[in-house]
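Enquirer: sequence unknown, structure follows:
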């Protein structure tokens, strides 16, 4: 059996509500947009693993429309797993405008997010990324981040 959810309030919908309006928030249940648009909306889903999954898929799709929403995730969430997934996705997409936010994440984020930021910055390349990686290689408080950054700086 398939379960459907409102893409605005994320409440479960009965099948007969499809193509109409959500009984809870009034949003149309046939929300416009393609797959990427729906994944972008899923970045705000209240169930914790759904935004992580959405960010992961957005990175694999490499669609630049996801850059702004993924950057917003990095600026607003405190969930280390979501931060890491969003950072990895930004690295896969490869948009250089993500570099300043990823550098900030590398300097201030929780451990899983800092490790993902190292990977993403290496993929982005550029002077700002190289400088941040060199700094992390010597000054990050976590040995795993220092080691990961060092390995990339040597390449």
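Expert: It's in. What you see is a predicted model; the values in this text were computed from it and never measured.
Enquirer: use CA for all of it now, contacts and neighbours both
Expert: Noted.
Enquirer: Quick one: low-confidence residue ranges for the chain.
Expert: Per-residue confidence of the chain (counting by pLDDT under 70) places the weak regions at 1-3, 31-33, 155.
Enquirer: Show the residue spans covered by the helices in this structure.
Expert: 35-42, 49-61, 67-76, 80-93, 99-108, 111-124, 127-139, 143-154 (DSSP state H).
Enquirer: Reformat those helices as TSV; add mean neighbour count and distance to residue 13.
Expert: Converted to TSV, the helices of the chain look like this (neighbours: other C-alpha atoms under 10 Å; distance: least, C-alpha to C-alpha, whole Å):
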stretch	mean neighbour count	distance to residue 13
helix 35-42	17	16
helix 49-61	20	17
helix 67-76	18	25
helix 80-93	27	26
helix 99-108	20	37
helix 111-124	24	34
helix 127-139	18	44
helix 143-154	17	43
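Enquirer: would a markdown table of those with distance to residue 29 be doable?
Expert: Written out in a markdown table, the entries for the helices of the chain read as follows (distance: least, C-alpha to C-alpha, whole Å):
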| stretch | distance to residue 29 |
| --- | --- |
| helix 35-42 | 12 |
| helix 49-61 | 19 |
| helix 67-76 | 22 |
| helix 80-93 | 26 |
| helix 99-108 | 34 |
| helix 111-124 | 34 |
| helix 127-139 | 42 |
| helix 143-154 | 44 |
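Enquirer: how about the ones you listed, which one is nearest residue 27?
Expert: Closest approach to residue 27 among the helices of the chain (C-alpha to C-alpha): helix 35-42, 13.4 Å.
Enquirer: domain ranges for this structure?
Expert: Following automatic domain parsing, one gets these domains for the chain: 1-31, 33-154.
Enquirer: How about residue 120, nearest residue that isn't a chain neighbour?
Expert: If you skip the residues right next to it in sequence, residue 120 has residue 91 as its closest partner in space, 3.9 Å away by C-alpha to C-alpha, 6 or more residues apart in numbering.
Enquirer: thought that neighbour was touching residue 125?
Expert: No. Counting by C-alpha atoms under 8 Å, residue 91 does not reach residue 125; the two are 9.5 Å apart.
Enquirer: if I look at the spatially most central residue of the chain, how far off is residue 118?
Expert: Among the residues of the chain, the smallest C-alpha distance to the mean C-alpha position (C-alpha atoms, centre = their mean) belongs to residue 86, namely 1.8 Å. To residue 118, residue 86 is 13 Å away according to C-alpha to C-alpha, to the nearest Å.
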